[in-house]
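Enquirer: Sequence unavailable; structure follows:
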């Protein structure tokens, strides 16, 4: 459970305060990475097979030139995967959740625009992931699009 690990509430409060600090030099959505990392870790901590990956690369197969590779790689802000050892101790990974974060805003109309932008990026990232799977694979991925404290999800 989210609240079961030590100092969760205190850490959540600190991350939220840092995220709301407008004076940082990094990208505005990066301020929210700590809070989302804490939330995702809290959701996955009961299972040794669920892992949280920040900036996990998702690639589509293309020709072997650097320019094309850069165009064929997407980096969601977070991915949650189920990782298990299969036959001969090979690690099998199944992506369960993709999270895309955009900067927060106080403007209600802008919130919708940013959530839509995060949702569009997250859907593209999911398409990159699905392009690597077999055509008969019926896998599903949960997507979370966020802008500050506002978020929405889709399967």
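Expert: Right, received. Where do you want to start? Everything quoted here is computed from the prediction, not taken from an experiment.
Enquirer: what pLDDT, on average, does the lengthiest helix in the chain get?
Expert: Ranked by residue count and defined by DSSP state H, the top helix of the chain is helix 108-131. In this model, helix 108-131 carries a mean pLDDT of 89.
Enquirer: tell me what it is packed against?
Expert: On a contact count with 3 or more Cβ pairs under 8 Å, 6 or more residues apart in numbering; DSSP states H and E, helix 108-131 meets strand 58-59, strand 73-74, strand 91-102, strand 142-147, strand 150-154. Placement of C-beta: from N, CA and C, glycine included.
Enquirer: okay, those in JSON lines with mean pLDDT, distance to residue 111 and mean neighbour count next?
Expert: Formatted as JSON lines, the helices and strands packed on helix 108-131 follow (pLDDT from 0 to 100; distance: least, Cβ to Cβ, whole Å; neighbours: other Cβ atoms under 10 Å):
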{"stretch": "strand 58-59", "mean pLDDT": "76", "distance to residue 111": "26", "mean neighbour count": "18"}
{"stretch": "strand 73-74", "mean pLDDT": "82", "distance to residue 111": "23", "mean neighbour count": "16"}
{"stretch": "strand 91-102", "mean pLDDT": "89", "distance to residue 111": "9", "mean neighbour count": "20"}
{"stretch": "strand 142-147", "mean pLDDT": "92", "distance to residue 111": "6", "mean neighbour count": "22"}
{"stretch": "strand 150-154", "mean pLDDT": "88", "distance to residue 111": "5", "mean neighbour count": "14"}
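Enquirer: follow-up on the earlier one: what angle separates the longest helix of the chain from strand 91-102?
Expert: Helix 108-131 runs at 160 degrees relative to strand 91-102, counting by axes from the mean of the first three to the mean of the last three Cα atoms, to 10 degrees.
Enquirer: which residues sit against helix 108-131?
Expert: 58-61, 72-74, 76, 95, 98-105, 139, 141, 143-148, 150-152, 154 (Cβ atoms under 8 Å, 6 or more residues apart in numbering).
Enquirer: Just the buried positions in it, please.
Expert: 111, 114-115, 118-119, 121-122, 125-126, 128-129 (16 or more other Cβ atoms under 10 Å).
Enquirer: what's the closest of these to residue 81?
Expert: residue 129 (10.2 Å; Cβ to Cβ).
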